[in-house]
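Undergrad: Pasting the sequence and the predicted coordinates here, then a few questions.
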Amino acid sequence: MKKSVISQLFALAAMATFMASCTKTPEYINVIPADASAVVGIHIQSLIDKSGVSDDDKQKLIDAMKSGLNPATFQQVEKILKDGSESGLSVKDPVYFFAGGRLPSAAVVMKMDDMDKFGKALEVMLPEVSDYPVTEADGYRLFRIGESVCAFNESALLIIAVNHDDSIVSGLMKQSGDESIAGSAYFRNMSGKKGDITFFFTPDALPDMYKRRMSAMSGLEHVNLGDIAIIGSLGFEKGKIALQVETASENKEAGELFKKQNELYGKLNNTFLARFPASTLAYSSLNVDGEKLYGMLQEYKDFREILSPDKAKEIFGAFKGDISVGLTRVTSDYLPIFAAYAEAASGAALSALYESKAGLGLGRWEEIVRLGEDQYVYKSFLTNIYFGYKDNYIYATNDKSIRENPGKEEDKSLKDAIYAPNINGKSQYAAIDIKAILNLPVVKMLAAFGGREVAAYMKIASKLSYIEVTGEGNNRANINIRLADEETHSLKQIVDLVKQYTGL
């Protein structure tokens, strides 16, 4: 009679995840097919090093597994947990998850380091998770665990669900470097990234409906989405979790569009930072050339149907420089209060917008009213938004105090914010201030009366400082989750939280 599912998972996890040592040959990568549309590389050794897992932590995990495994299997699992090299697999080389192309499901490949050790570990542990024996194939060996086939040779261990169609496994295990992902420019780009997890994917694997919509929105109707890739890395660093993403393509038409998009943006001037209070909950800013933006938007049919070309050019052409938006506070009745500013040569854009209001599709309870020269209000059932032009900038807000004195600088402003230095030199910047949100009276009230579960969530949120997104106008973006503890590796902080809530 087989052991419990939990015992099987423990044994499989120990066999597949805790691995060590490496060799110089990268042949295991040849298992990944050239047409894979998504690849994720996980650097196990780096994650282990940063997790701060101690020998005592490992012993607690070992003790927790003891009752679910037979003595021989437990002894082998204990050896692997204490010394990953006993698994025969490498932890110093990335573990790759991949999908798409001709594959029927996602798959995993790991680098084989010592097949003798792997074979001995398998002999002891396999009976815990499978009724199938190890069998010989053409140049490799395989065994089954449920619907998954595990194939291995001197270079690699492949795990994939193929519904007993072993021809797919055979093709992957035998393919050469020329047939594999190794020659892909996207994969090479990904492999050169620094991070604990690296990845690339193409939108080509999406359902046709989503691909058509994405093509229309991006202006790439005539480009195969398989020629475009999102490439990036995720790193656990001291005090932050850093995600870096870039868009890449070897397609000429896509490359020209990316270049045109990059030309829209300049470096931020931080013109409006002083007009937002330091307690601003969320802030976003970009520097854009409105005339170039209009030129690009005119290529989209949906945009041309909303505004006439003359009005659209007048509206968008007025903007050149910083555009900044901030969520400054939330009222006691949960109404978010915001302010927005944009550098502009004149108020002509607002006048053109007002004159075009009939074509904006306003609802029954919506209207735009001119209050005076370069002063307007959008009225709706929920709120009034005041907007106008003053001193070479356009403003919009639902805050009456700002409407009465637009552009007033704050005594303590976002110039004093913890993230203010990070804005310099960027083309786009956005931040969510977690500390400021937790200090909202409505949030404090929720924490006080929300019970244990809410209190637990609040405690986790208190570990965060702010979240930021940056762009430099080069098809690259950075997303950073900044933690309150700036000195401890972020992964260790996560592991410590898990240990705290699981009792390990």
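TA: Yep, that arrived.
Undergrad: Run a quick neighbour tally on Phe97.
TA: For Phe97, the neighbour count with other C-beta atoms under 10 Å is 19. Quick note: C-beta positions are derived from backbone N, CA and C, even for glycine.
Undergrad: Repeat that for Glu373.
TA: Residues within reach of Glu373, counting by other C-beta under 10 Å, total 9.
Undergrad: And for Lys313?
TA: So Lys313, with other C-beta under 10 Å, has 17 neighbours.
Undergrad: so who does it touch?
TA: Glu291, Tyr294 (C-beta atoms under 8 Å, 6 or more residues apart in numbering).
Undergrad: ok, now the one 10 residues further on?
TA: With contacts defined as C-beta under 8 Å, 6+ apart, the neighbours of Ile323 are Ser285, Leu286, Asn287, Val288, Ala340, Tyr341, Ala342, Glu343.
Undergrad: and if we set it to 6 Å?
TA: Residues near Ile323 by C-beta atoms under 6 Å, 6 or more residues apart in numbering: Leu286, Ala342.
Undergrad: That one and Asp416: what is the separation?
TA: Per C-beta to C-beta, to the nearest Å, Ile323 is found 22 Å from Asp416.
Undergrad: Same check on Ser85?
TA: 52 Å.
Undergrad: Comparing those two, which residue is more hemmed in?
TA: Neighbours per residue, other C-beta under 10 Å: of Ser85 and Asp416, the larger number sits with Ser85, 18 against 13.
Undergrad: what pLDDT does the more buried one get?
TA: With respect to pLDDT, Ser85 has a value of 78.
Undergrad: so it, which of the three states?
TA: With DSSP: H, G, I helix; E, B strand; the rest coil as the basis, Ser85 sits in helix.
Undergrad: which residue ranges form the helices in the stretch 151-300 of the chain?
TA: Using DSSP state H, counting those that start in this stretch, the helices of the stretch 151-300 of the chain run over 166-174, 185-191, 208-218, 252-262, 290-297.
Undergrad: So which other helices or strands are in contact with the fourth one?
TA: Counting contacts by 3 or more C-beta pairs under 6 Å, 6 or more residues apart in numbering; DSSP states H and E, helix 252-262 packs against no other helix or strand.
Undergrad: Helix 290-297 and that helix, what's the angle between them?
TA: Orientation check (axes from the mean of the first three to the mean of the last three C-alpha atoms, to 10 degrees): helix 252-262 against helix 290-297 gives 150 degrees.
Undergrad: Using PDB, write out the CA atom coordinates for helix 252-262.
TA: Taking Å, rounded to 0.1, in the frame of the first residue of the first chain, the C-alpha atoms of helix 252-262 are listed here in PDB:
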ATOM      1  CA  LYS A 252      12.000  45.100 -38.200                       C
ATOM      2  CA  GLU A 253       8.400  46.500 -38.000                       C
ATOM      3  CA  ALA A 254       8.300  45.800 -34.300                       C
ATOM      4  CA  GLY A 255      11.700  47.300 -33.700                       C
ATOM      5  CA  GLU A 256      10.600  50.500 -35.500                       C
ATOM      6  CA  LEU A 257       7.500  50.800 -33.400                       C
ATOM      7  CA  PHE A 258       9.500  50.300 -30.200                       C
ATOM      8  CA  LYS A 259      11.900  53.100 -31.400                       C
ATOM      9  CA  LYS A 260       9.000  55.400 -32.100                       C
ATOM     10  CA  GLN A 261       7.500  54.700 -28.600                       C
ATOM     11  CA  ASN A 262      10.900  55.500 -27.000                       C
END
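Undergrad: Which element, helix or strand, includes the nearest residue to Val124 once chain neighbours are set aside?
TA: In space, and not counting its chain neighbours, Val124 is closest to Gln76: 4.4 Å by C-beta to C-beta, 6 or more residues apart in numbering. Applying DSSP states H and E as the criterion places Gln76 in helix 71-82.
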